[in-house]
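Peer 1: Generate a structure from the sequence data that follows.
(2 chains)
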Amino acid sequence: MREWAEYSLEEREGRVTVSLTGPLTVSGIGRLDPALRGLDDAVQAVDIAGATHIDTVGAWIVHRFAEDKGAEITGASEAAQVLIHAVAQSASRAPITPPRGYVFGRVTESVGRKVFEMAGGIRRYIGFLGAIVVTFFGIIRHPSRFRVRALVRQMEMVGVNALPIIGLMSFLIGIVIAQQGAVQLQQFGAEAFTVNLVGRITLRELGVLMTAIMVAGRSGSAFAAQLGTMKLTEEVDAMRTIGVSPMEALIIPRILAAVLMMPLLGFYASVVAIIGGAVIGDAMLGIPFLTFLARVQEVVPTQDFWVGMIKAPVFGLIIALSGCYQGLQVRGNAEEVGSRTTMAVVQAIFLVIVLDAFFAVFFSSIGWI
Amino acid sequence: MSEHATDLDGPDLEWDCYCSEHPIVIRGLTNRFGDFAVHEDLDLDVRRGEILGVVGGSGTGKSVLMRSIIGLQFPDEGCITVFGKDITGAEPDEQIGVRNRWGVLFQGGALFSTLTVAENVQVPLKQYYPELSQKLLNEISRYKTVLTGLPEDACSKYPSELSGGMKKRAGLARALALDPELLFLDEPTAGLDPIGAAKFDELLRELTDTLGLTVFLITHDLDTLYAICDRIAVLADKKVVAVGTIPELLATDHPWIQEYFNGPRSRAAAQTHEAGKALDKQAAEGS
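Peer 2: Alright, predicted model coming up:
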């Protein structure tokens, strides 16, 4: 059972005295504090002789009340006096959160800030790309500075470790396209064209696009979080002081890994999706599995393969660039790592889809239909 | 006392009495990481109202010992009693009764980075005493912040805006938020400048005396050991090899203790301490 501190008001020797009794501790003053705040009478003395315990919170309340009323504190034990003196010395009226402006001012300010940041962000982003190109050519001139092991490690994380999930995803996408396509094409007796649909759309568009989205979610976020954490723990600064360029040691291996692995993953995803389509073709349309695969070779022009393979490394570059750039922008606290990681993924997926649209227009206009 | 380690269930007045004088009682503690044992059959008692300094070489498991006592590290064997409650076998709910009676200062301060210093101090208060009004919480967090030696404008600052020493003080303010009886400090003066460290020591001694705290203090700071610790526990060979005041420790012949307290740094700290005492004496006689 919790005990609560209480107060009583009385007149002693012509002075209005508030007597506090019970535990004047953090666990006991929950009810006393609002009661004392609500007390309007003039008080000349505060008697705490009846207090069973006192800690700094109790001492604070006694001190604050006495000071507000201009009252004298009586009956304080030696320990209580020390505590009251200590908290009185530490009294402060400082704000507990940083000052905030009015809503209207705040909103306009944050919008303006965002616009300026966006402009600066685009410049920094392009600057970052430039720095990567410069470092890259520097490495070509001095190949000994190239970190093969870091590259292989990143290729493993970006590429090899992604194989199961990308395989599963592509297989299901192949099944869905074939099944849904077949249902529609059956209406005018053209279900044989399901092969064209699956073969062309996966090699040309979906294989690479879905892989890019998966890689952005897996590796783009990992890049941002890893680099952001390294930035927070001053690892990046430590590298610089030792003379290791973070660009060479951290950024280039990640960018190269993404650029090299994206075409391989994209092609792999397309092949698995076609296999998924073939499974449905065998089960639903009566097209034998091997016939489906052979037919893909006949109906899909080689340029579809090239369309996918040209887009893939560009997507890889965009993803790695966003991840690394956002990671290196981390400053301050752990929350920033999270928000920068989110930004990296959103930015990467958005840019990938925008570029994909540009590529679609471009390839149509040069006649690769 | 060791027979009590296995039988804590039944009412045992002698044991209860012992626990009321010793907020922390550790018996037969063993901690292993894989095959590597950090502690083996470790015993330690902390007396009420004392500042117990815990020293030991790097990797002797000082921090692991602290984490075991506060329930962050589940020991492989042994039992740890805090305020008479066996916390190794306690359910999470049961431990709550103990948790609001201790405060912990982690090595790096471990402040919540998305809250200001004052809001950090309010977190334990809000957790355990939801009936306190926001006004009172603000007042408490302000005076606690200033009490630990921070300037008052530090209240509204975020941890990322503070220096290392200020983070420690803010961490101490949060550890003291509930006016705990027991305080765990993990290297509080490490990384502070000597003036800041001396002030921190002074503050700690003052708080301990006024609030009647019991302090479990992990430190490498010899000045701290000489200046404020009542007793010192030495961790070596996976055990607490000795507990006592510095003269008592010097009387033992454990090689690590001898090396530690007879090294050049320790002698310098001892001289400073003696000189300081002599000055105090002069001042007292003079007045």
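Peer 1: Contact residues of the stretch 51-200 of chain B facing chain A?
Peer 2: B:100, B:113-114, B:116, B:118-119, B:125, B:128-129, B:131-133, B:135-136, B:138-147, B:152-153, B:155-160, B:176, B:178-179 (CB under 8 Å from any CB of the partner chain). In short, each C-beta sits where N, CA and C put it, glycine included.
Peer 1: make it 6 Å
Peer 2: B:113-114, B:116, B:118, B:131-132, B:136, B:138, B:140, B:142-143, B:146-147, B:152-153, B:155-156, B:160, B:178-179 (CB under 6 Å from any CB of the partner chain).
Peer 1: Using neighbour counts, trim these to the buried set.
Peer 2: Among these, those that count as buried by neighbour count (16 or more other CB atoms under 10 Å in any protein chain shown) are B:116, B:118, B:132, B:136, B:138, B:140, B:142-143, B:146-147, B:152, B:155-156, B:160, B:178-179.
Peer 1: Could you pick out the residues of the stretch 51-200 of chain A near chain B for me?
Peer 2: Close to chain B, as judged by CB under 6 Å from any CB, the stretch 51-200 of chain A has residues A:55-57, A:60, A:82-83, A:87, A:90-92, A:94-98.
Peer 1: tell me the two of these that are most distant?
Peer 2: By the measure CB to CB, these have their two most distant members at A:82 and A:98, which lie 33.7 Å apart.
Peer 1: More neighbours: which of the two?
Peer 2: residue A:82 (16 against 11; other CB atoms under 10 Å in any protein chain shown).
Peer 1: how much space between the more buried one and residue B:206?
Peer 2: Counting by CB to CB, to the nearest Å, the gap from residue A:82 to residue B:206 is 9 Å.
Peer 1: One more: residue A:63?
Peer 2: Using CB to CB, which is the criterion applied here, residue A:63 is 17 Å from residue B:206.
Peer 1: Mind checking which of these two has more residues around it?
Peer 2: With other CB under 10 Å as the criterion, residue A:63 and residue B:206 differ in neighbour count, and residue A:63 comes out ahead with 22 against 14.
Peer 1: Just the element for that one, please.
Peer 2: Assignment of secondary structure by DSSP states H and E places residue A:63 within helix A:56-69.
Peer 1: Which strands or helices does that helix pack on?
Peer 2: Applying 3 or more CB pairs under 6 Å, 6 or more residues apart in numbering or on different chains; DSSP states H and E, one finds that helix A:56-69 contacts helix A:78-89.
Peer 1: try 10 Å
Peer 2: In this structure, helix A:56-69 packs against strand A:15-24, helix A:32-37, strand A:45-54, strand A:72-74, helix A:78-89, helix B:134-147, helix B:194-211, with contacts taken as 3 or more CB pairs under 10 Å, 6 or more residues apart in numbering or on different chains; DSSP states H and E.
Peer 1: Now find how far off-centre that helix is within its chain.
Peer 2: From the chain centre to the centre of helix A:56-69 is a distance of 45 Å (CA atoms, centre = their mean, to the nearest Å).
Peer 1: List the buried residues of that helix.
Peer 2: Using 16+ other CB under 10 Å as the burial criterion, the residues of helix A:56-69 that qualify are A:56-66, A:69.
Peer 1: Same check on stretch A:269-285?
Peer 2: Neighbour-count burial for stretch A:269-285, with 16+ other CB under 10 Å as criterion, is recorded at A:269-281, A:284-285.
Peer 1: next one: stretch B:164-176
Peer 2: Across stretch B:164-176, burial judged by 16+ other CB under 10 Å covers B:165-176.
Peer 1: now residue A:53, nearest residue through space, not along the chain?
Peer 2: With CB to CB, 6 or more residues apart in numbering or on different chains as the criterion, residue A:53 has its nearest non-adjacent residue at 4.6 Å, and that residue is residue A:23.
Peer 1: Would you agree the one you found is in contact with residue A:29?
Peer 2: Yes: counting by CB atoms under 10 Å, residue A:29 is a contact partner of residue A:23 at 7.9 Å.
Peer 1: Where is the longest helix in chain A?
Peer 2: Criterion DSSP state H: the longest helix present in chain A is helix A:103-141.
Peer 1: Average pLDDT for that helix, rounded please.
Peer 2: Average pLDDT, helix A:103-141: 91.
Peer 1: After it, heading C-terminal, what element do we hit next?
Peer 2: The first helix or strand that comes after helix A:103-141 along the chain, using DSSP H and E, is helix A:148-158.
Peer 1: same for the helix or strand following that following helix, what does it pack against?
Peer 2: Sequence order places helix A:163-186 as the next helix or strand after helix A:148-158, per DSSP H and E. In terms of contacts (3+ CB pairs under 10 Å, 6+ apart), helix A:163-186 is packed against helix A:194-201, helix A:207-215, helix A:252-280.
Peer 1: relative to helix A:163-186, how tilted is the shortest one?
Peer 2: The one in question is helix A:194-201. Our comparison of helix A:194-201 with helix A:163-186, counting by axes from the mean of the first three to the mean of the last three CA atoms, to 10 degrees, yields an angle of 140 degrees.
Peer 1: circling back to that earlier point, need the winner for burial among the helices and strands packed on helix A:56-69.
Peer 2: Greatest average neighbour count among the helices and strands packed on helix A:56-69 goes to helix B:134-147 (a mean of 22), per mean count of other CB atoms under 10 Å in any protein chain shown.
Peer 1: Now do that one: distance to the chain's middle.
Peer 2: In terms of CA atoms, centre = their mean, the centre of helix B:134-147 is set 23 Å apart from its chain centre.
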